[in-house]
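Colleague: next one to model:
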Amino acid sequence: MAQKIIRSHWARVKQANYTLENNPSYRTQRISIIDREAFVEFFLLEDIVALYKMRLREEQAYVPYGRADEKGKKQNIEKFSAIIAVFNAAIGAARSAINSGDYKKVWKAIHEGALMAAANSVKNLPELKNMAIELLRELSDDMVFAVDISRELDENLDDLDAHEENVRRVKDLPPTMDEIEEVIRTVEAAIPDRKKSSRINPNT
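Modeller: Just a heads-up that it's a prediction; the model follows:
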C-alpha cells in the first residue's frame, strides 16, 4: 500500500519534467538535471504526507478492543498527526526555497533513499521523525531569516505582528522559526527515540 502512494524516483522525475515544461515560471529558466532533483525530492515530501494522511484516516476509523487497544489507537493518531505536521512544515520551507531559485538547498537537505525507506514502515517512525526534523532545520534556518528581513523591508508595516499571519498567507511564506520549533516540540513529544521505547505498540 505504501508503494502506491510513495512513488518511485522515476515517477517523480516524470512529474518534475512535466512541471518544468508546463509551468510558465520555469519554462524561461535553464534548470540543470541536478537542480531538477529539488522538484523530484519535493514531490517525495508530498507523497510522505499523503501516505501518513492515509494511515491517520485508517487509524481514526479503527475500532479498538479494550482499553489498551484504545490507548494504542490514541498514541498512533498523535504520532501520525505529528509526522504530517513536521513534513507539512518542511514542504512549506522547500516550496519557498524553490520559488526563490535556491534549488541546491532543497536537494542537499532531502535524503531521498533514507526517507523512502523510513516512511514505508511505521516501525521506523523514530528514524523518520529525526530525519524530518533535520531536513526541516536545514531548509529553514537561514532562509526563514532572510525572507523575514526582506518582508520587513518591502512591506514597511507599522505593526508587523498584527499583519504577519495575513502577509504569510498571501505570500505563501515558509513557517517562522517559532512555528518550526513548536512543530519540532510536538513531533518529539509524540514520537520518542527508539532507545527510549520499552516496547513497540502492537497497534503500529
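
Colleague: spatially central residue in this structure, please.
Modeller: In the chain, the centroid-proximal residue (Cα atoms, centre = their mean) is residue 87; its distance is 1.9 Å.

Colleague: what's the separation between it and residue 67?
Modeller: Taking Cβ to Cβ, to the nearest Å as the criterion, residue 87 is separated from residue 67 by 31 Å. Glycine gets a C-beta too; all of them are placed from N, C-alpha and C.

Colleague: low-scoring stretches of the protein, by residue?
Modeller: Where the chain drops to pLDDT under 70, the residues are 1-3, 27, 141-177, 195-204.

Colleague: for residue 138, which residues are in contact?
Modeller: By Cβ atoms under 8 Å, 6 or more residues apart in numbering, the residues touching residue 138 are 105, 108, 109.

Colleague: write a ChimeraX command that selects only the buried members of these.
Modeller: Applying 16 or more other Cβ atoms under 10 Å to the contacts of residue 138, the buried members can be selected in ChimeraX as follows:
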select :105,109
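
Colleague: now, the contacts of residue 138 that are in helices?
Modeller: 105, 108, 109 (DSSP state H).

Colleague: excluding its backbone neighbours, what's nearest the last one?
Modeller: Spatial nearest neighbour of residue 109, chain neighbours left out: residue 138 (3.9 Å); criterion: Cβ to Cβ, 6 or more residues apart in numbering.

Colleague: and the residue located most distally from the centre of the chain, how far from residue 58?
Modeller: Ranked by distance from the centre of the chain (Cα atoms, centre = their mean), the top residue is residue 66, with 33.8 Å. Distance from residue 66 to residue 58, counting by Cβ to Cβ: 19 Å.

Colleague: run through the helices of the chain in chain order.
Modeller: Under DSSP H, the chain gives helices at 2-5, 9-22, 24-27, 33-61, 67-99, 103-109, 112-119, 125-155, 160-171, 177-190.

Colleague: and the fifth one, how far out from the chain middle?
Modeller: Meaning helix 67-99. Helix 67-99 sits 8 Å away from the centroid of its parent chain (Cα atoms, centre = their mean, to the nearest Å).

Colleague: contacting residues around the residue nearest to residue 47 when sequence neighbours are not counted?
Modeller: Leaving aside its chain neighbours, residue 47 sits nearest to residue 6 (4.6 Å; criterion: Cβ to Cβ, 6+ apart). Residue 6 makes contacts with 44, 47, 48, 51, 116, 119, 120, as judged by Cβ under 8 Å, 6+ apart.

Colleague: count the neighbours of the third one for me.
Modeller: Using other Cβ atoms under 10 Å, the number of residues around residue 48 comes to 25.

Colleague: so it touches residue 88, yeah?
Modeller: No. Contact criterion Cβ atoms under 8 Å: residue 48 and residue 88 do not qualify, at 10.1 Å.

Colleague: cool, thanks, talk later.
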